[in-house]
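> Fold the stuff below for me.
(2 chains)
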Number of protein chains: 2
Amino acid sequence: MKVINLFLSFTAVLSAVSTVTAVINVDRSVSSAVRKNKRLTEETISPKVLEMEYAVRGKVVIAANKISSELKEGKGDRSFDHIVFTNIGNPHALGQKPLTWTRQVIALCNLPAEFGVDHPEARLLFPEEAIRRAKEIKAHLGGGTGAYSHSQGAHLFREDVAKFIQKRDQLDANADDIFLTNGASDAVKLLMQTMISSDKCGIMVPIPQYPMYSAFSTLLGGKMVPYYVDESKAWSVAIDDLEKNLEKARKEGITVVGFVIINPGNPTSKVLGRKEVQDICKFCAKHNLVLLADEVYQENVYEDGAEFYSCKRAAYELGLLDDDSLELASFHSTSKGVFGECGRRGGYVELVGFDQKVKDNLYKLASSSLCSNIDGQIMVSLMCRGPDPDSDSYESHENEKKEIFESLKRRSKMVSLGLSSIPGFSCEIATGSMYCFPSIEMPPGAIEAAKDESITPDTLYALDLLEETGICVVPASGFGQIPGRFGFRTTFLASESDLQAAVKSIAKHYTKFSEKYSKTKS
Amino acid sequence: MKVINLFLSFTAVLSAVSTVTAVINVDRSVSSAVRKNKRLTEETISPKVLEMEYAVRGKVVIAANKISSELKEGKGDRSFDHIVFTNIGNPHALGQKPLTWTRQVIALCNLPAEFGVDHPEARLLFPEEAIRRAKEIKAHLGGGTGAYSHSQGAHLFREDVAKFIQKRDQLDANADDIFLTNGASDAVKLLMQTMISSDKCGIMVPIPQYPMYSAFSTLLGGKMVPYYVDESKAWSVAIDDLEKNLEKARKEGITVVGFVIINPGNPTSKVLGRKEVQDICKFCAKHNLVLLADEVYQENVYEDGAEFYSCKRAAYELGLLDDDSLELASFHSTSKGVFGECGRRGGYVELVGFDQKVKDNLYKLASSSLCSNIDGQIMVSLMCRGPDPDSDSYESHENEKKEIFESLKRRSKMVSLGLSSIPGFSCEIATGSMYCFPSIEMPPGAIEAAKDESITPDTLYALDLLEETGICVVPASGFGQIPGRFGFRTTFLASESDLQAAVKSIAKHYTKFSEKYSKTKS
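Okay, here's the model as predicted:
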């Protein structure tokens, strides 16, 4: 900030300012005596922060944001007029509608009673069941949505979560074991921060993975111990490989304390079967690893006959809950499923088999950030307990949910099949989640060009795709993959017509891209 | 969790469950083969998490929550029927009303358009200006409150913050330098996590302090370098002491990188004057320390003639912005002021004089948690830009704000003077913030008894006060104080009548407490 500019810019500022003070005398005796070097530079900040990578909002997305701004300002000469953001699972940004009843309840919870639930005309705008539920929530919260809650979240909402889990798994669940958090991300961080006790501490993470896990491993000073899931076997986990990777890490002096499972998968969209989940639970119990179960896509299962099978249920069926033989943390979120309420930042973790004193420490850690946001907590409650089946809101709520689900199911097939049909592409059918994760044959010239630019070949591909078509995908290298594989992740969240057009654009672009990079320079 | 209990508890669960599955076969061959020791115990979790303390929700509050639950269940025989929670600045929990217009806007932002802003009967429940503003916000957000925003927060809201700062300081401010966060706490953590590059890294923190700073220092593996503010000089900062403390830390091998100022103070409620703020800016510039300015109580200034004087303004008047001689991060929040919207988790930080690459890293770190909650972002926007002065909501909004402010002002005096008048107590008049921080003469028997119980004398006092009166305060030792001083922090947020009763109870209890502990055993 320069003072000369400052006074110029004042003119603009002051026009909007009601009281104008006299020009301030600036004393230059101090500044001239002090340092000119920044305290904080890339050389002096935390190396953990510097090294951390987060591909979902990385290089390609930054480029996409820049182009998007230029397009809005009418700059540049491009063949498209907007960016199609398929880089992130952000359904509402791509046109998915919020569930009406949930928003009516949240609106009423936020309105002071006399302007909302007790307003004589409230019934003109709000259905009975939204008013009833909002009254119940307001009575429980006492201080309303503007007061800090218990640091684990308001008790009523945690009871709703516990009952939801009981119903899902037909197993006991306890509100005291639930922590409501700002999205599942904060819950994962809460656990990983507590588990990582030194830089020799490792957590096993599937490759490809959701890059939050590698990011938090780096940030919190731990080691990520990778295990591969096998694309040739529809992204299945090979237990033999788990043993090998664990053994290898231990030989390198790493104390492996935890194991991440993402089911349904991200980016693989794989829905794990009963045996696979059980095998993983057995592995964790055998090696005394805390199982971090990322189960945020549990409602997103599209394959006929397939169903979500929770780690808790697997652990129970193996007798591992019986004598506390497994420590399990299961994460869920309002951001996915058919809610898609990402901006709400609503999430929870259920802790199973944890030592009470460890839970006390997790509580203390949560309390240092006071509590998660109350509207997010309310949305978790509404996700876990919908409108009363006898109420006026039930049918419409269920219909809205069904419509979103069926559309997601159609789009998962359409994009998977569309990408599969492109020569040079290979794509597993997405049986769950919100993503396709095709591999692509990378032309030799692209591998060479990427090397010259010090980027991965699929970053080169993704940047080229963005520049030429306006479609923003995430390079597969951001998630990790076996050496020599190349590809990208795309969501299938845009509208059906947009997605059809996108698949066509991707196919057309790939032909050009392959031609452009068909040959190496040498 | 025991399986035997599990099946018993099923009965209760299943009654609420629509589909009942067959009894599950439990395989015990796995669990009998595996470990019985927990992976995570207090011995194996992160020592940083274990060592971290956070007094505001610590020992006394845990005891208060327990008593509160007992009272609700009708257990115990006590002279009071509820706990008066004065431990935390949580205004709405103690009866402060939310500002009507802000809640109307948030409600409308959450409602789908046809059920809210575009509903034909909307004007029956909502004023014109709430509808207008909600439309503006909805148009900007695109995906609404359910979509992730830019990781720094939605641009419109950051512009509102920038204009608010411009108006306050009459200085240039830029939306690109603003990060919207889940409360100011998350913004402080963002900065501290980036600044602390090793366990030799120190940040200067005032004593007494808001214990989040010591908690985050421990958690993030840095060193807290204390400097005292002087109670005998109305909690002023002595620059000579700053130099001494810095020197001492450096001799101990600590690289001091940052300096925390809390203005108005927490727990001291001190409003710093122009000269003091300038002296601190000079000190930071001279020693190349990043200034972390906790300015969340900037609206809470009660003394006639006193005004909040921002660090940015001080830095400008010293010419320190001119040539980028100071790196300044200023924090603000919707939780304090007259908004008191704690549960919203709305906050921001403005970065001044930061290196662009460091800002890029802060953005990357923020993006790993995707974005802060959108309702919190909206509340920040509404705090920074209220209803249009020509609108139907302006006058009532201003009146509500004024009423809350005037009441806080009355209560600050009343509690300060009330506590001061208790023999054995000494209490500075709270000129800002939301707290009184009296010192009390500790009877010799209490010091001895506390030692026997391995707690601080003021923890013993606070637990006794809680047991006898139901008033929950935070021991001053949780904030830090000079050796030999004892006391506590109380908010003045309860109703005026409750506070009058509380002061009387505290006085009466202190007489009994002093008698009980007047003598040592020896």
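> going forward, measure contacts between C-alpha atoms and count neighbours the same way
Noted.
> how about the residues of the stretch 201-350 of chain A near chain B?
Along the stretch 201-350 of chain A, the residues adjacent to chain B under the rule CA under 8 Å from any CA of the partner chain are A:212, A:215, A:257, A:282, A:285-290, A:316-327, A:340-345.
> Sitting in helices, which of those do you find?
A:Met212, A:Ala215, A:Lys282, A:Ala285, A:Lys286, A:Tyr316, A:Glu317 (DSSP state H).
> and the gap between the third one and A:Gln298?
Relative to A:Gln298, A:Lys282 is positioned 21 Å away (criterion: CA to CA, to the nearest Å).
> do the fourth one as well
Here the distance between A:Ala285 and A:Gln298 works out to 23 Å (CA to CA).
> ok, these two, which is more surrounded?
A:Ala285 (26 against 22; other CA atoms under 10 Å in any protein chain shown).
> residues contacting the spatially closest residue to A:Lys336 that is not a sequence neighbour?
Ranked by CA to CA, 6 or more residues apart in numbering or on different chains and with sequence neighbours excluded, the top spatial neighbour of A:Lys336 is A:Tyr297, at 6.1 Å. With contact set as CA atoms under 8 Å, 6 or more residues apart in numbering or on different chains, A:Tyr297 has these partners: A:Asn263, A:Pro264, A:Gly265, A:His332, A:Lys336, A:Gly337, A:Gly432, A:Ser433.
> Same question for A:Phe259.
A:Ile203, A:Met204, A:Val205, A:Cys284, A:Leu289, A:Val290, A:Leu291, A:Leu292.
> Next, give phi and psi for it.
The phi/psi pair for A:Phe259 (degrees, to the nearest 10) reads phi -140, psi 120.
> Three-state assignment for the nearest residue to it once chain neighbours are set aside, please.
Closest residue to A:Phe259 apart from its sequence neighbours, by CA to CA, 6+ apart: A:Met204 at 4.5 Å. Secondary structure assignment for A:Met204 (DSSP: H, G, I helix; E, B strand; the rest coil): strand.
> looking at the sheet around A:Met204, what are its partners?
A:Val225, A:Phe259 (DSSP bridges).
> I'd assumed A:Lys270 was in contact with A:Phe308.
No: if you go by CA atoms under 8 Å, A:Phe308 and A:Lys270 don't touch, sitting 10.7 Å apart.
> Now do the shared contacts for these two.
Common neighbours of A:Phe308 and A:Lys270 (CA under 8 Å, 6+ apart) are A:Pro264.
> Comparing those two, which residue is more hemmed in?
Taking other CA under 10 Å, A:Phe308 and A:Lys270 do not tie; A:Lys270 has more neighbours (24 against 19).
> Please name the residues that touch the residue nearest to A:Phe259.
A:Met204 neighbours (CA under 8 Å, 6+ apart): A:Met224, A:Val225, A:Pro226, A:Tyr227, A:Leu246, A:Val256, A:Gly258, A:Phe259, A:Val260.
> any chance of the residues you listed in JSON lines, plus pLDDT?
Putting these into JSON lines (pLDDT from 0 to 100) gives the following:
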{"residue": "A:Met224", "pLDDT": "96"}
{"residue": "A:Val225", "pLDDT": "97"}
{"residue": "A:Pro226", "pLDDT": "95"}
{"residue": "A:Tyr227", "pLDDT": "95"}
{"residue": "A:Leu246", "pLDDT": "97"}
{"residue": "A:Val256", "pLDDT": "98"}
{"residue": "A:Gly258", "pLDDT": "98"}
{"residue": "A:Phe259", "pLDDT": "98"}
{"residue": "A:Val260", "pLDDT": "98"}
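> Listing request: residues of the stretch 201-350 of chain A with sub-threshold pLDDT.
For the stretch 201-350 of chain A, no stretch has pLDDT under 70.
> same thing with chain A?
A:1-25, A:27-36, A:522.
> Please parse it into its domains.
Per the record, chain A has its domains at A:51-94+A:405-516, A:150-384, by automatic domain parsing.
> Could you confirm whether the shortest one reaches chain B?
Yes: with CA under 8 Å from any CA as the measure, domain A:51-94+A:405-516 is seen reaching chain B through A:Met52, A:Glu53, A:Tyr54, A:Arg57, A:Gly58, A:Asn90, A:Pro91, A:His92, A:Ala93, A:Leu94.
> Let me know the closest of those to B:Ser236.
Among the residues of domain A:51-94+A:405-516 next to chain B, A:Met52 lies closest to B:Ser236 (CA to CA), at 40.4 Å.
> Next up, the contacts around the closest one.
Neighbours of A:Met52 in contact, by CA under 8 Å, 6+ apart: A:Ser214, A:Ala215, A:Phe216, A:Thr218, A:Leu219, B:Leu365.
> mind running it again at 7 Å?
A:Ala215, A:Thr218, A:Leu219 (CA atoms under 7 Å, 6 or more residues apart in numbering or on different chains).
> Quick check: the gap between A:Asn361 and A:Ser185.
19 Å.
> on that earlier part again, just among the ones in helices among the residues of the stretch 201-350 of chain A next to chain B, which is most surrounded?
A:Ala285 (26 neighbours).
> That residue touches A:Glu327, doesn't it?
No: with contact defined as CA atoms under 7 Å, A:Ala285 does not reach A:Glu327; the gap is 8.2 Å.
> Kindly list the main-chain dihedrals of A:Val84?
phi -90, psi 100.
> what are the ranges of the helices in the stretch 251-400 of chain A?
Ranges of helices in the stretch 251-400 of chain A, per DSSP state H, counting those that start in this stretch, are A:274-286, A:311-317, A:356-367, A:374-384, A:394-420.
> Secondary structure element holding A:Val61?
helix A:59-72 (DSSP states H and E).
> can you count the residues close to A:Lys66?
11.
> repeat for A:Leu71
Counted with other CA under 10 Å, the neighbours of A:Leu71 add up to 17.
> Contact partners for it?
A:Asp81, A:His82.
> That one and chain B, how far apart?
16 Å (CA to the nearest CA, to the nearest Å).
> And A:Thr520, by the same measure?
34 Å.
> Is my assumption valid that that residue occupies a position in a helix?
No: counting by three-state DSSP, A:Thr520 is not part of a helix but coil.
> who are the neighbours in contact with it?
So A:Thr520 contacts A:Pro444, A:Gly445, A:Glu448 (CA under 7 Å, 6+ apart).
> can you tell me if the helix or strand hosting A:Ala184 touches chain B.
Per DSSP H and E: A:Ala184 is located in helix A:183-195. Yes: applying CA under 7 Å from any CA of the partner chain, one finds helix A:183-195 in contact with chain B at A:Ser185, A:Thr194, A:Met195.
> Report how many residues lie close to the nearest residue to the first one once chain neighbours are set aside.
The one in question is A:Ser185. Distances taken as CA to CA, 6+ apart put B:Ser369 closest to A:Ser185, at 6.1 Å, once the chain neighbours are dropped. Other residues within reach of B:Ser369, judged by other CA under 10 Å, total 19.
> And A:Gly337, how far from chain B?
13 Å.
> Would you check that that residue makes contact with A:Glu295?
No: judged on CA under 7 Å, A:Gly337 makes no contact with A:Glu295 at a distance of 10.5 Å.
> ok, back up a step: for the helices of the stretch 251-400 of chain A, which one sits closest to B:Ile422?
Using CA to CA, the helices of the stretch 251-400 of chain A put helix A:356-367 closest to B:Ile422, at 32.7 Å.
> What is the neighbour count of the residue lying closest to A:Leu460 once chain neighbours are set aside?
Leaving aside its chain neighbours, A:Leu460 sits nearest to A:Ala450 (5.9 Å; criterion: CA to CA, 6+ apart). By other CA under 10 Å, the residues close to A:Ala450 number 16.
> for A:Ala450, what are its contacts?
A:Thr456, A:Pro457, A:Leu460.
> hmm, try it at 10 Å
A:Thr456, A:Pro457, A:Asp458, A:Thr459, A:Leu460, A:Tyr461 (CA atoms under 10 Å, 6 or more residues apart in numbering or on different chains).
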